[in-house]
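Chemist: Following is a predicted model, sequence given first.
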Amino acid sequence: MTWCIIDARMPAVAKEVLKKEFTLVDFRSKDLVYESISGHPDVFMHQVKNKLIVSPNLPKKYFNWLKDNDINYRVGRNKLGKKYPDTAYYNVASGDGIFIHKEDVTDPTLSEELIDYKFIHTNQAYSRCNTLILDSNNIITSDAGLHKTITKSLMVNPRGIILPGFINGFFGGCCGIYQKNVYIIGSLKHHSQGDEIRLYIENAGFKVIELYDGPLFDGGGIFFVIGK
């Protein structure tokens, strides 16, 4: 079975689209991190292929879910907290052999899991929020510093991306990848660079799947995990 881990606050119409293909896990937490990111999967866990590296203070109900459904996981060393950098230990961008994060923030367990990946340092510790790695030659980011570091990247203006409690969210947090499909919470037509983003994704060999006809919504990513 393929499970789909999402922020429980994702727009309902987007959830209905995902339900047609996947079994949803509505993620939420209370009093662990600040409210705007309290349901963001990419704050509480990182996915390395089909393995999850999770915070030791992940809410108990999700540890039960991991065990009950034979999800491959490993517990990290650093507990999350309400202030940076305690909110960013697991917010790593990785894929296709590359690993992007702020070196002194990364949870040591994640560094061990990604030991064979090429490491790219960035001062932006919310790397997964800001970044979507299609492959090592095609990376989309909302962080200007990272865009300068990685020449083969597309810079997406975060303006207009919804993240309740903040002026804007970031493009990486709107997305998840499964079997060469890029699932996006929202429609690209509502973003000023929509056509450019779509063309970039399609030229990299991926298909765009928009989950609802509305502005892009930063839900802390969409995680697809295989279990029983």
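Modeler: Right, received. Where do you want to start?
Chemist: Please tell me I have it right and residue 85 contacts residue 107.
Modeler: No - with contact defined as CB atoms under 8 Å, residue 85 does not count as touching residue 107 (10.5 Å). Yep, even glycine has a C-beta here, placed from its N, CA and C like the rest.
Chemist: More neighbours: those two, which one.
Modeler: Taking neighbours as other CB atoms under 10 Å, residue 85 and residue 107 compare with residue 107 leading, 25 against 15.
Chemist: Moving along the chain from the helix or strand harbouring residue 111, name the first helix or strand you hit.
Modeler: Using DSSP states H and E, residue 111 maps to helix 108-113. Counting by DSSP H and E, the element after helix 108-113 in chain order, helix or strand, is strand 118-121.
Chemist: give me the number of residues near residue 211?
Modeler: 24.
Chemist: cool, and residue 21?
Modeler: Residue 21, neighbours per other CB under 10 Å, totals 13.
Chemist: So which elements touch the helix or strand of the chain with the lowest mean pLDDT?
Modeler: The helix or strand of the chain with the poorest confidence is helix 144-149; it has a mean of 90 (mean pLDDT, DSSP states H and E). Helices and strands touching helix 144-149, by 3 or more CB pairs under 8 Å, 6 or more residues apart in numbering; DSSP states H and E, are strand 153-155.
Chemist: And the contacts of whichever helix or strand comes after the strand it packs on?
Modeler: Going down the chain from strand 153-155, the next helix or strand is strand 175-178, by DSSP H and E. With contact meaning CB atoms under 8 Å, 6 or more residues apart in numbering, strand 175-178 is reached by 2, 4, 95, 132, 134, 182-185, 206, 221-224.
Chemist: now the residue located most distally from the centre of the chain: how far from residue 2?
Modeler: Computed with CA atoms, centre = their mean, the residue of the chain farthest from its C-alpha average is residue 68, at 23.6 Å. Distance from residue 68 to residue 2, counting by CB to CB, to the nearest Å: 16 Å.
Chemist: Next: residue 94.
Modeler: 20 Å.
Chemist: Same drill for those two, tell me which one is more crowded.
Modeler: Neighbours were counted for residue 94 and for residue 2 using other CB under 10 Å; residue 94 has more, 24 against 12.
Chemist: what's across from that one in the sheet?
Modeler: residue 99 (DSSP bridges).
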